[in-house]
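S.K.: Build me a structure from this.
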Amino acid sequence: MNSNENIATKAGATKRVLIIDDDTPVLKVLRDCFAIFRHGHTYEVTTTDSASEAFQILRRERFDLVLLDFVIPAASRPWLADRSLCLGLLNRVRDLGVTAPVLVMTSETTDVKPADALRAGAVGWLSKPINVRELDATVARALGSSGVTE
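M.R.: Predicted structure coming up:
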């Protein structure tokens, strides 16, 4: 499931965002969030629901920001979800030379440690359900922007 769409927020440079999450409603909500952000950018959002597709996309395209679900399936099959795929994908992404900031998202907080993702190269951590203001501020910080949406 690869989806690519421009989301205009304000005249300015285009920022390319890749969102990797196997939950279709979450992808829609996050896409809608980028439509309301006022960071001085136009956002081009690409989404995928699997680690394997994300890796393929990252091999051929450049992004300014990546949002990565911590529990992501290897392929478009939820029963293949594995906690280790997020950190493995994050390491492989860095091996490809991808320097875009990565924000890790999760709804499971019991045995998932933000420090593990940060050590693997993520620049930030978001808990689900995602608070729009927190996402807005975190995205602005990750992209070095100001002008967080009111």
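S.K.: Mind jotting down where the strands sit in the chain?
M.R.: Using DSSP state E, the strands found in the chain span residues 3-8, 14-20, 42-48, 65-69, 72-73, 81-82, 102-106, 124-127.
S.K.: where does this protein have its least confident helix or strand?
M.R.: strand 81-82 (a mean of 49; mean pLDDT, DSSP states H and E).
S.K.: re earlier: which stretch among the strands of the chain is buried most, on average?
M.R.: strand 65-69 (a mean of 25; mean count of other CB atoms under 10 Å). Heads up, the C-betas are built off the backbone N, CA and C, glycines and all.
S.K.: For the spatially most central residue of the chain, name its beta-bridge partners.
M.R.: In the chain, the C-alpha nearest the mean C-alpha coordinate belongs to residue 67, at 0.8 Å (CA atoms, centre = their mean). Beta-bridge partners recorded for residue 67 (DSSP bridges): residue 19, residue 103.
S.K.: got the contact list for it?
M.R.: Taking CB atoms under 8 Å, 6 or more residues apart in numbering as the criterion, residue 67 is in contact with 17, 18, 19, 20, 21, 30, 102, 103, 105, 126.
S.K.: Distance of it relative to residue 25?
M.R.: 15 Å (CB to CB, to the nearest Å).
S.K.: do residue 36 as well
M.R.: For residue 36, the distance to residue 25 - CB to CB - is 17 Å.
S.K.: of these two, who's got more company?
M.R.: residue 36 (11 against 8; other CB atoms under 10 Å).
S.K.: pLDDT wise, what is the more buried one at?
M.R.: Residue 36 carries a pLDDT value of 89.
S.K.: can you tell me how far it sits from residue 59?
M.R.: Taken as CB to CB, the span from residue 36 to residue 59 is 31 Å.
S.K.: And for residue 139?
M.R.: When distance is defined by CB to CB, residue 139 is 24 Å away from residue 59.
S.K.: ok, residue 29 - contacts?
M.R.: Counting by CB under 8 Å, 6+ apart, residue 29 has contacts residue 130.
S.K.: let's see 6 Å
M.R.: Neighbour list for residue 29: empty [criterion: CB atoms under 6 Å, 6 or more residues apart in numbering].
S.K.: In the protein, what residue spans correspond to helices?
M.R.: Per DSSP state H, the chain carries helices over the ranges 24-36, 51-60, 84-95, 114-119, 132-143.
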